[in-house]
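Visitor: Make a model of this:
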Amino acid sequence: SSVFVKGEYAYVASEEDQGLQIIDISNPASPTGMGQVEVMGTTSLTSVFVQGNYAYIVSESDDGLQVIDISVATNPIKEGSLADTDALALEGASSIFVQGNYAYIASYAEDGFQVIGISNPTHPTGVASLRDEGSDDGLALRGATSVFVQGSYAYVASDEGLQVIALGDNNVYGLDVGALEASSVQRDNHAQFNNYVDVQVGLSVGSSAKIDRSLSVGKNLIDTDGDIGTAGQLLSSTRSGTHWFDLTNSLVTVPSIEAAGELTDDGGSFELERATSVFVQGKYAYVASEADDGFQVIDISDPINPTGVGSLTDDGISGSLALAGAQSVFVQGNYAYVTSKVDNGLQVIDISDPYNPTGVGSLTDDGSLALFGAQSVFVQGNYAYVTANLERGFQVIDISNPSDPRGVASLRDEGSDDALALEGAA
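Guide: So this is what the prediction gives:
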């Protein structure tokens, strides 16, 4: 679930309205609906991330990514998209984080992590993936729910806990690549492409290549078995493939990924059971846990050996915290902001001492707020912006005094004719 804020606009993914709603928050006391666009064919838009003039949205039901041009806030336009295939890990796509030319996606149903090249927003391309294949594979990606990238590491929250993934570079051989530039390519085993391949000089394949549509070769197509064909000819039905490859310049590198460290819920020491959200700041990762009704701080100064430090749990008795069914966490400065879908509200936590996080203030739905079923939170300056799927709403909260957060204004989707796309706001 996600709301993303950038500058004077908030971007909200709506599950049941199947779309992106842009909201003008230049005046936090009077948020105003701007443009909207239907994103995919079904419901369950789970996460949105904005970078530059594009919003990137993933769908749990559509198992994929949609890129939207948001350069004109009143008229967002769909650009490229990418749906799950056997070669991708996008089934049940649940969370997205964008950094530079890559989007990083956590996929709940796939128990996986997918890297997508977005240098061309109209043609996003899968480049690398990682899946949890079982209990003995050294991964904690089962039920992957949330991803955050900082530097050379991705941090993925899952039903099991937290998985750290090292991000690096590698040559194109040995990876699934969506875009490749080279004057010549030689592949000793199997090369597969989904769309069109254009080779200006020569393509040499040691075993087999599969091309689903067409293959254009400027000079010769050579198979080491001895088959030779001239430009425009396809010699064997065993050659096939799936993306656009322009093999004209020089070989490039693409991301390589591998598991680093992990920290799992051990049934008592950590608040990590069914972790729903992760946020990283400095040398700490902050995780919200739905099943533990809690909040866990993790020291990630050594990514190979993440260590649980402080935590906070809603005991359901004292009523001093609003962390039951914790959903989303956002960190700004010395405070963490966590939404609760059971307590229908927002909990503010002082994290100045990571070993002793302390609840300092909270705000819960009293009928006048749009916090029923609070899902996602994004903080910018003195305001927190929260979406609530059961309320079909969007709530602005003044957090200038963290010990006394106050509702400022809200928007609700009242029905099909209200010009808002907030039904089931994620």
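Visitor: only C-alpha atoms for contact and neighbour calcs from this point on.
Guide: Fine.
Visitor: So, low pLDDT: which residues of the stretch 1-150 of the chain?
Guide: Low-confidence segments of the stretch 1-150 of the chain (pLDDT under 70): 1, 16-18, 40-43, 135-137.
Visitor: Break down it into its strands, ranges please.
Guide: Using DSSP state E, counting those that start in this stretch, the strands of the stretch 1-150 of the chain run over residues 3-6, 9-14, 19-24, 32-38, 45-51, 54-59, 64-69, 77-83, 93-99, 102-107, 112-117, 125-131, 146-150.
Visitor: would CSV of the ones you listed with mean neighbour count and distance to Thr307 be doable?
Guide: Compiled in CSV, the strands of the stretch 1-150 of the chain are given as follows (neighbours: other CA atoms under 10 Å; distance: least, CA to CA, whole Å):
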stretch, mean neighbour count, distance to Thr307
strand 3-6, 21, 29
strand 9-14, 27, 33
strand 19-24, 25, 37
strand 32-38, 20, 42
strand 45-51, 25, 27
strand 54-59, 26, 30
strand 64-69, 24, 33
strand 77-83, 19, 36
strand 93-99, 26, 23
strand 102-107, 27, 22
strand 112-117, 26, 22
strand 125-131, 23, 23
strand 146-150, 23, 17
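Visitor: ok, now how distant is the residue lying closest to Ala73 once chain neighbours are set aside from Gln51?
Guide: What sits nearest to Ala73 in space, not counting adjacent residues and going by CA to CA, 6 or more residues apart in numbering, is Gly35, at 5.7 Å. To Gln51, Gly35 is 17 Å away according to CA to CA, to the nearest Å.
Visitor: same question, Val329
Guide: Val329 is 20 Å from Gln51, where distance means CA to CA.
Visitor: just Glu262 next, same as before
Guide: Glu262 sits at a distance of 28 Å from Gln51 (criterion: CA to CA).
Visitor: swap in Gly92?
Guide: The gap separating Gly92 from Gln51 is 23 Å, by CA to CA.
Visitor: which residues does the most centrally placed residue in the chain contact?
Guide: Centroid check for the chain by CA atoms, centre = their mean gives Ile96 as the closest residue, at 1.0 Å. Contact analysis of Ile96 by CA atoms under 8 Å, 6 or more residues apart in numbering lists 47-49, 56-58, 103-106, 146-148.
Visitor: Report the beta-bridge partners for it.
Guide: Taking DSSP bridges as the rule, Ile96 bridges to Ile105.
Visitor: shift numbering so it begins at 865
Guide: Sounds good: first residue 865 from here, last item Ile960.
Visitor: Report the separation between it and Ala893.
Guide: To Ala893, Ile960 is 29 Å away according to CA to CA.
Visitor: cool, Gln1196 as well?
Guide: According to CA to CA, Gln1196 and Ala893 sit 21 Å apart.
Visitor: Then Asp1230?
Guide: Distance from Asp1230 to Ala893, by CA to CA: 18 Å.
Visitor: Neighbour count for these two, which is higher?
Guide: Remark: of Asp1230 and Ala893, Ala893 carries more neighbours, 14 against 11, as counted by other CA atoms under 10 Å.
Visitor: For the more buried one, what are phi and psi?
Guide: Ala893 adopts backbone torsions of phi -80, psi -10, taken as degrees, to the nearest 10.
Visitor: which residues touch it?
Guide: If a contact means CA under 8 Å, 6+ apart, then Ala893 has Val1260, Val1272, Ala1273 as its contacts.
Visitor: Among these, name the ones in helices.
Guide: Assignment to helices by DSSP state H places none of the contacts of Ala893 there.
Visitor: which one of those has the most neighbours?
Guide: Val1260 (26 neighbours).
Visitor: Spit out the contact partners of it.
Guide: Contact partners of Val1260, counting by CA under 8 Å, 6+ apart, are Pro892, Ala893, Tyr1247, Ala1248, Tyr1249, Val1250, Gly1271, Val1272, Ala1273, Ser1274.
Visitor: how far away is the closest residue to it other than its chain neighbours from Gly1025?
Guide: The shortest distance from Val1260 to any non-neighbouring residue, by CA to CA, 6+ apart, is to Tyr1249 (4.9 Å). From Tyr1249 over to Gly1025 the distance is 26 Å, taken as CA to CA.
Visitor: ok, those two, which is more surrounded?
Guide: Gly1025 (27 against 22).
Visitor: residue contacts, the closest residue to the more buried one other than its chain neighbours?
Guide: Closest residue to Gly1025 apart from its sequence neighbours, by CA to CA, 6+ apart: Thr1128 at 4.3 Å. Thr1128 sits next to Ala1004, Glu1024, Gly1025, Leu1026, Phe1134, Leu1136, Glu1137 when contact means CA under 8 Å, 6+ apart.
Visitor: Now do the residue nearest to Gly883 when sequence neighbours are not counted against Glu879, distance only.
Guide: Leaving aside its sequence neighbours, Gly883 sits nearest to Glu902 (CA to CA, 6+ apart; 4.0 Å). Using CA to CA, one gets 10 Å for the distance from Glu902 to Glu879.
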